[in-house]
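Visitor: need coordinates for the below:
(2 chains)
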Amino acid sequence: MSPQENRVAAELALWGALLLFIWMRLTDGTVIVEQSPGRLLFTYLAAGVIAAIGQLIIRAILAVVFRKEKDTPADERERFIERKADQVAYWAGLAAVHLVIGHVLLTALFDRSDVVALDFTSPAGILLALLTVLLVQEIVRGVATLVLYRRT
Amino acid sequence: MSREDGKVRNRIRDLRIERGWSQQDLADAVGASRQTINAIEQEKYSPSLELAFRLARAFRKEFEEVFRYVDGEVGKR
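Guide: As a prediction, the model looks like this:
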């Protein structure tokens, strides 16, 4: 695998771990747990810090592992792969947003909040839904990039 | 009637081996990555016109001596 593929694969693991962290903080399995605004803000900031530090660590480790490889800027094929992966991630993000909208509206319309565990209308629910959409988008982008590196 | 997409074929692997160059040598000569040269040789990736011309120039060949376009199948819809 090229250094770029290794970076994407490592970042995929980071996004997966971050998604797990957020779901563990904000839900009790399948039920959203209401929390104080301070705790929600802490979760949000902690997710940002973990993402930033995680990416820094990944880049530092890969820089050491691949120190003998020439540091060349992305060539046209790599830029093509990035563009394609961005397109796939855009559509995945759009689908995820519509899924959340559909879930919220249909739950309200049929007044079935008693049976639907994930209530995305509370502050914790909104935070969970938005962070999940962002992370799913990143995960789809990473998977698409790895697939495109194999196929293109 | 419909025409399926054609395909760009190339002789890069043959020309490179004739000259005893590695994929990295060719990549350095044209400003691309080794993985990109490999993908072009395997015809998984069609290079841009600019890169295709740079490749032909690296071999000191005319463009059409390196690349050719093969029409797709013509069939009834």
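
Visitor: what about A:Lys68, which SS state?
Guide: With DSSP: H, G, I helix; E, B strand; the rest coil as the basis, A:Lys68 sits in coil.

Visitor: what's the neighbour count on it?
Guide: 5 (other CB atoms under 10 Å in any protein chain shown). For glycine as for every other residue, the C-beta is placed from the backbone atoms N, C-alpha and C.

Visitor: and the gap between it and chain B?
Guide: Distance from A:Lys68 to chain B, counting by CB to the nearest CB, to the nearest Å: 13 Å.

Visitor: and A:Leu131, by the same measure?
Guide: Look at A:Leu131 and chain B: by CB to the nearest CB, they are 34 Å apart.

Visitor: center of the chain, which residue is that?
Guide: All of this refers to chain A. A:Leu135 (1.3 Å; CA atoms, centre = their mean).

Visitor: oops, wrong one, chain B.
Guide: Most central in chain B under CA atoms, centre = their mean is B:Asn10, positioned 4.2 Å from the mean C-alpha point.

Visitor: next, the contact list for the residue lying closest to it once chain neighbours are set aside, please.
Guide: Spatial nearest neighbour of B:Asn10, excluding adjacent residues (CB to CB, 6 or more residues apart in numbering or on different chains): B:Phe67 at 5.0 Å. Listed by CB atoms under 8 Å, 6 or more residues apart in numbering or on different chains, the contact set of B:Phe67 reads B:8-10, B:52, B:56.
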